[in-house]
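Colleague: pasting a predicted model and its sequence here:
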Amino acid sequence: MNPYLLFFLAFASSAAVPGPEIAALLSRSLSHGMRSSLPLAVGIISGKLVMLTTAVLGLAVLLHVLGPAFALLKWAGVGYLLWLGINKWRKAGKPLTTAEASLGKPSLEFGLGMAMTLSNPLALAFYMALLPNVIPLADIGPGSYLLLCGIIIATMLLITLGYGLLAEASRAVFRSPRAKANIDRGSGSIMLGVALLLASR
């Protein structure tokens, strides 16, 4: 089997499994629509590209040295998610103000996506274990590296689109004020759950 196809299948099957990143994307899409989850998705994809680059360059040691900085990222993400979750519960069913509807601060959403990905120690282990068995690290040149980046970006865009469309369909079905309140509470609960998952890693 083609090694890049093998990498794609392994990465796609791992990335598509609902975890903290997918749960956060779903929650964001349920609350404010699919478009609102884009900064978060870009942050998650960027984090995965950083992890791939780190694995390719063999910088696992650097990650170990920078451990405290990554721990800070993790706890900042946990705090932000807790705040989002509690806020959704407090305002469940209430009409959005213009400021809330526009979401604002995409940099925070981007940072959250990066933090969730980079604070996961299993992510680097995945790349470090997969790559040598599929494509020897010594054989990865600029062209191979760009192809791997393209696979990650395309796969994550498809996964984000799939889950986003699922959330959009749910929003279209539940339009009454009571249903909105339930969606808000569900979205808030997902955010709180993601915060607990992150904290436990």
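Modeller: Received it, and whenever you're ready, just let me know what you need. Keep in mind the model is a prediction, meaning the values are calculated, not measured.
Colleague: the helix or strand where Lys48 lies - contacts with which helices or strands?
Modeller: Using DSSP states H and E, the secondary-structure element containing Lys48 is helix 38-57. Under the contact definition 3 or more Cβ pairs under 8 Å, 6 or more residues apart in numbering; DSSP states H and E, helix 38-57 sits against helix 20-32, helix 60-65, helix 106-118, helix 121-134, helix 142-173. (C-beta placed from N, C-alpha, C; glycine too.)
Colleague: what do you get if the cut-off is 6 Å, keeping everything else the same?
Modeller: Using 3 or more Cβ pairs under 6 Å, 6 or more residues apart in numbering; DSSP states H and E as the contact criterion, the neighbours of helix 38-57 among helices and strands are helix 106-118, helix 121-134, helix 142-173.
Colleague: lowest-pLDDT helix or strand in the chain?
Modeller: Scoring the helices and strands of the chain by mean pLDDT, DSSP states H and E places helix 98-102 at the bottom, with a mean of 38.
Colleague: the helix holding Lys48 vs helix 106-118, what angle?
Modeller: Compare the direction of helix 38-57 with that of helix 106-118 by axes from the mean of the first three to the mean of the last three Cα atoms, to 10 degrees and you get 40 degrees.
Colleague: still on that earlier bit, mean pLDDT for the helices and strands packed on helix 38-57: which is lowest?
Modeller: Looking over the helices and strands packed on helix 38-57, mean pLDDT reaches its minimum on helix 121-134, with a mean of 71.
Colleague: could you identify which of the helices and strands packed on helix 38-57 is most buried?
Modeller: Comparing the helices and strands packed on helix 38-57 on average neighbours per residue, with mean count of other Cβ atoms under 10 Å, the densest one is helix 106-118 at a mean of 21.
Colleague: got the angle between that one and helix 20-32?
Modeller: If you take the same axes, to 10 degrees, helix 106-118 sits at 150 degrees to helix 20-32.
Colleague: just the residues contacting the helix holding Lys48, thanks.
Modeller: Taking Cβ atoms under 6 Å, 6 or more residues apart in numbering as the criterion, the residues outside helix 38-57 that touch it are 21, 28, 106, 109-110, 113-114, 117-118, 123-124, 127-128, 131, 140, 149, 152-153, 156, 160.
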